[in-house]
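Visitor: one predicted model, sequence on top.
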Amino acid sequence: MCRIKQSLNELAPAQAACLIVKDNKILVLRHKDNDDWHIPQGKALKSTSAQCTAHSVVWKNTGLNVEVGELLLTDSSNTQYFACRLTDKLSQQIEELSVPEWANRNVADVSFVDPYALTNDNFSGTIVLHQLREAFVSIEQSEPTK
């Protein structure tokens, strides 16, 4: 089941990604075929909203059940990046992540990293690194005070 912030409408099917922020870091994946970090993203599915694609790819790769929020940006390949939140207490308390046994078998590592520690050499994807950092700041500013 897809979890979308109640105040938002579902968007048309599109390639989509989740930017998840926790403790001033973003969630990234590392695939087995290279050492680059990636934002969790999935291809458009004909009958699935962009938000549900973003939700599904996070679940399938990390086991985290996020709430998909606002559209932050669309990159040069038309991937839509959403602000996604860890809303349940268990997810918020996780200190270290491991790849679930049933996850996408290409995923080697799931981590939270400082987006300002990433360089273009160790980050892969169609999103430009400065766009990622701007989206990170936008999420940080909109997060409720803890």
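Guide: That came through, no problem. Numbering: from 1, shown residues only.

Visitor: need the contact list for the residue nearest the centre of the chain.
Guide: Taking Cα atoms, centre = their mean as the criterion, residue 18 is the residue nearest the geometric centre of the chain, at 2.6 Å. Counting by Cβ atoms under 8 Å, 6 or more residues apart in numbering, residue 18 touches 27, 39-41, 54-55, 57-58, 66, 68, 81-82, 84. Where C-beta positions appear, they are placed from N, C-alpha and C, glycine not excepted.

Visitor: shaky segments in the protein?
Guide: Under the criterion pLDDT under 70, the flagged ranges of the chain are 90-93, 104, 144-146.

Visitor: all helices of it, in order?
Guide: Here the chain has its helices, by DSSP state H, at 50-62, 89-93, 129-142.

Visitor: any chance of those helices in TSV, with mean neighbour count and distance to residue 5 too?
Guide: Shown next, in TSV, are those (neighbours: other Cβ atoms under 10 Å; distance: least, Cβ to Cβ, whole Å):
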stretch	mean neighbour count	distance to residue 5
helix 50-62	24	9
helix 89-93	11	16
helix 129-142	15	11
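
Visitor: I'd say residue 26 and residue 115 touch.
Guide: Yes: counting by Cβ atoms under 8 Å, residue 26 does reach residue 115; the two are 5.2 Å apart.

Visitor: need the overlap of contacts for those two.
Guide: Counting by Cβ under 8 Å, 6+ apart, the contacts common to residue 26 and residue 115 are 132, 136.

Visitor: distance between the ends of stretch 121-138?
Guide: The first residue of stretch 121-138 is 24 Å away from its last residue (Cα to Cα, to the nearest Å).

Visitor: same thing with stretch 53-73?
Guide: Counting by Cα to Cα, you get 15 Å between the two ends of stretch 53-73.
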